[in-house]
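Engineer: Here is a sequence with its predicted model. Questions after.
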Amino acid sequence: MFTPHTKTEISTMLKVVGVNRLEELFQVVPESCRYPKLNLPAGLSEMETRQELQLLSESNETAHDLACFLGAGAYNHYSPAGVDAIIRRGEFLTAYTPYQPEISQGTLQAIFEYQSLIANLTGMEVCNASHYDGATACAEAAVMAYHTFRGKRSKIVLSPAIHPHYRETIRTYMQGYTNLTITGDEPGIDLQQHPSALKTLIDDNTSLVYIQYPDFFGRIFDLKEIVEVAHTAGAMVAVAVNPISLGLLIPPGEFGADIVTGEGQPLGLPLSFGGPYLGIFATKKEYIHKIAGRLVGETVDKDGKRAYVLTLTAREQHIRRERATSNICTNQGLMALASTVYLSLLGKSGLKQVATLSYQKAHYAFERIIQIPGYQAWNSDPFFNEFVIKCPKPVDEINFHLLDHGILGGYDLGLVYPKLKGHMLLACTEVNTRQEIGGLVNVLTEVTHE
Amino acid sequence: MSEPTLYELSSTGRTGVTFPEPDVPLTDLPSNFLRSDLPLPELSEIDVIRHFTHLSHLNYSIDENIYPLGSCTMKYNPRINEETARMAGFAFSHPMQPIETTQGNLALMYQLQEWLQEISGFEGVTLQPAAGAHGEFVGVMMIRAYHRDRNDAKRIKILIPDSAHGTNPASSSMIGMEVVTVPSDPRGNVDLEALKAACDDTLAGLMLTNPNTLGLFDEHIQQVIDIVHKAGGLVYGDGANLNALMGIIRPGDVGFDLMHFNLHKTFSTPHGGGGPGSGPVGVSAKLVDFLPEPLVDIIEEAEEDLPPLYGFKKPAKTIGRIKAFHGHFGVLVRAFTYIMMHGAAGLRTVSEMAVLNANYLLAKVRKTYTIPYDRICMHEFVAEGRWQDAEGVHALDIAKRLMDYNFHPPTNYFPLIVPEALMIEPTETESMQSLDAFADALIKIADEAHRSPELLKEAPHNSPTKRLDEVKAARDLVLCCWRPEEKD
């Protein structure tokens, strides 16, 4: 199948090695455990395998067949055909990390361009080659802030409106830092408050203040005040973004963020049940020696020709070993390439158009839904493409009803915020049509009559 | 001439894709929040496709030729994997959908957990970790949690052999563990006396790569594991080198307590120029309660005509969530496809041919290159890239010269315990002819090193770029494209 050896070749090779049988190569393996019988189904041909996988795939109901109003950190945007065409090229797909720059300039220049596009999109000075996803990028930001203050500032302030998975991941990553306090998102907190309310928690022991923008509930707030309070206290500010929203919105670099992280999935990556996605991480140049992950820099070759190379590698695990502050090695190279192709194809006008369309569809859906008797807006703040609705019935009940009509409803906020039982988080993208939104409104109306 | 950057190719007014006009009544944009400038390039579709096609031509890849990077297992990536991962029912499934609508995904994940357990001899598997290093981190967190749960929080020492991957020590220190290096003995095994001396009541565990980065199976594996267990520690296996062992031995059977898998190595998912990977972790019975959440499990048993209902479960003493959603599902589909095609017999053949290929290549170059730990190797081996009578020639020069013969170099300068190391892993997907050609190039280069070393020192001569000025890159730190308007 994928091993090309013929029987004759195997015996020729064994002879060259100086043994008679394959078994002689494994004499060092403890005999009592050698050659276990593995209880796996017999291997299948490619044709049969494809059929089996097709069956599994078809037993799902997905955004491919359903009108999707589900977001909560992963969004059903349209990915132009060119994106997949490029990332399927074997030269990108089957290359390793570009440790040998002379024969990896394709990957290196693409990462360099990724760094450039993301830096410009977020308004930051530098961007690394990626983290695993939006959640681990957050955790790496928290680790970086902690080490920037050499562990002497032991408080991290988290907005409760950061994606719950991101906050959980930060806590998991930081469990070895036993002197650390993570606060701001305790269960009792008022979820409707402006992020500026977090300022009472910021003091000279605070290393990092973390805000999401637009936040998990889709809201957009002016963050200038909270950034200023944090900076006055000497703390750093990190902002988690949805990169599509930055096609319209002021980038965090312009209001003083020290670190911008984000989930890069909306930039042309498939939903794929949650991964592989792309962890965006951008910061100011002054922190360049503190950041984790790979960086590509421009240089020249021996003939003076422009070329690219992995740089500042002394920060990384393979050099610093136990003194490294991050162990990241393999990251999301191909996903970073996909987002680079996506941003290149859309460009200045395309990204703005996608952001605007997502905004417009979401606002239309919101206006229609709050007119249905029984459904209420949870808040009146500006929002981007996602919003919270208080529902007249349990959210899971409504969602099953929607599914019967070919609609994938919103996220049940009660699952993670007990105070928001009965509240649904709905998202729109450019993919949603007016007709789909009309269908959603009809079924939501119908549900109240049952 | 180098390929221009996206910004240099940009022409005001172009776009590569159009979207429909809004079909809904318009709402005012939030004027206080609008950015004034969006500095992205402007290109047509053909500009973009040509640009990235040009870039692709500058890359070396497995699709072109052998990629013998030690410990990276750069095997052929079957194309069927790319087809299955893109099937609409997988690719368009949203991670937050009700579980009733994603039973296909969950069944696949459950089955993959079971298969990986069967292949490795463990009792539980998490599919969450995003890469090998992420899996190691999760593993060390579980070791820490295990000892703390037994009110034995003083156990903070992680032993790591000097032949270990660089991620091992970094993964341990990230969670506040203390790293102690254990030396190797003259045959490339863990030095048993040094190991015993390092074992005390602060021992949390040992992180062991077996076969190690010399490509050698530890001759005292059972003793090593017993010593650590006796001292109250756990044994973590770095599964980066599992490609030598499938159907040969199950790490769980010989006493490993936990191990990560690299699906992007052993199970053929493509490396993508630096990810995405996937690093599931298998654990023995005593650690299953500490696995990260969520796990996939059967939450309602099958009944007569009805299949079981799969769902998510939170282990009782979980270390918590380690990333958003449920792991690199697209990579899991590829690995599932690979295992389904191979079955038990096929996987054993994979490991046997991987080991045969490495030993064959070793036999072909043994007379020409010094092999510091010379015995039957597993899936890889380490040679010295230097000769006493070829002064000034380094492993790096050999690596660069290989490019002139259209070969990707082996891993070099690793493991650190071999001077001028060349770490060579051919993988099972290379044919005898491909190995012969690679061996011939290595032998020819050895000859050149003695007769005309400048050929090596100046190499590569034929690659898209010559050797790079890495000092300049680190000094100037140009990390973003110049935008044309900034040039002035």
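Structural biologist: Structure received.
Engineer: drop to CA atoms for contacts and neighbour counts, all remaining ones
Structural biologist: Noted.
Engineer: Let me see the ranges of the helices in the chain.
Structural biologist: Let's take chain A. Along chain A, the segments classed as helices by DSSP state H run A:7-17, A:46-58, A:81-87, A:90-93, A:105-122, A:134-148, A:164-173, A:224-232, A:317-320, A:333-370, A:395-404, A:434-448.
Engineer: you looked at the wrong chain, it should be chain B
Structural biologist: In order along the chain, chain B carries the following helices (DSSP H): B:6-9, B:45-56, B:79-85, B:88-91, B:103-120, B:132-149, B:167-173, B:192-198, B:221-230, B:329-365, B:395-404, B:432-451, B:454-457, B:470-476.
Engineer: for those helices, which one ends up most surrounded?
Structural biologist: Highest mean neighbour count among those (mean count of other CA atoms under 10 Å in any protein chain shown): helix B:167-173, with a mean of 28.
Engineer: Now do it: which elements does it pack against?
Structural biologist: The elements that helix B:167-173 packs onto, with contact taken as 3 or more CA pairs under 8 Å, 6 or more residues apart in numbering or on different chains; DSSP states H and E, are helix A:317-320, helix B:132-149, strand B:157-161, strand B:178-182.
Engineer: Can I get the shortest one as PDB, trimmed to CA atoms?
Structural biologist: So that's helix A:317-320. Taking C-alpha atoms only, helix A:317-320 is exported to PDB below (Å, rounded to 0.1, in the frame of the first residue of the first chain):
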ATOM      1  CA  GLN A 317      12.400  25.100  23.600                       C
ATOM      2  CA  HIS A 318      15.000  23.300  21.500                       C
ATOM      3  CA  ILE A 319      17.700  25.800  22.600                       C
ATOM      4  CA  ARG A 320      16.600  26.900  26.000                       C
END
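Engineer: How about that helix and chain B, touching?
Structural biologist: Yes: for helix A:317-320, a contact with chain B is found by CA under 8 Å from any CA of the partner chain, at A:317-320.
Engineer: Most neighbours of all the residues you listed, which one?
Structural biologist: If you count neighbours using other CA atoms under 10 Å in any protein chain shown, the busiest of the residues of helix A:317-320 next to chain B is A:Gln317, which has 26 neighbours.
Engineer: Now do the contacts for that one.
Structural biologist: Contact criterion CA atoms under 8 Å, 6 or more residues apart in numbering or on different chains gives A:323-329, B:166-167, B:170 as the residues in contact with A:Gln317.
Engineer: hmm, stretch A:427-438 touching chain B?
Structural biologist: Yes: if you take CA under 8 Å from any CA as the test, stretch A:427-438 does meet chain B, through A:433-434.
Engineer: Give me the mean pLDDT for that stretch.
Structural biologist: In this model, stretch A:427-438 has a mean pLDDT of 98.
Engineer: how about that stretch: buried residues?
Structural biologist: Buried residues in stretch A:427-438, defined by neighbour count with 16 or more other CA atoms under 10 Å in any protein chain shown: A:427-434, A:436-437.
Engineer: quick one on the thing from earlier: same list, the residues of helix A:317-320 next to chain B, but as JSON lines with pLDDT and distance to B:Leu306 please.
Structural biologist: Supplementary listing: the residues of helix A:317-320 next to chain B in JSON lines, determined by pLDDT from 0 to 100; distance: CA to CA, whole Å:
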{"residue": "A:Gln317", "pLDDT": "73", "distance to B:Leu306": "49"}
{"residue": "A:His318", "pLDDT": "73", "distance to B:Leu306": "51"}
{"residue": "A:Ile319", "pLDDT": "72", "distance to B:Leu306": "54"}
{"residue": "A:Arg320", "pLDDT": "74", "distance to B:Leu306": "54"}
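Engineer: Which residue ranges make up the domains of chain B?
Structural biologist: When chain B is parsed with automatic domain parsing, its domains come out as B:6-56, B:80-341, B:346-471.
Engineer: Endpoints of the last one, how far apart?
Structural biologist: Right, the one you point to is domain B:346-471. The straight-line separation of the ends of domain B:346-471 (CA to CA, to the nearest Å) is 47 Å.
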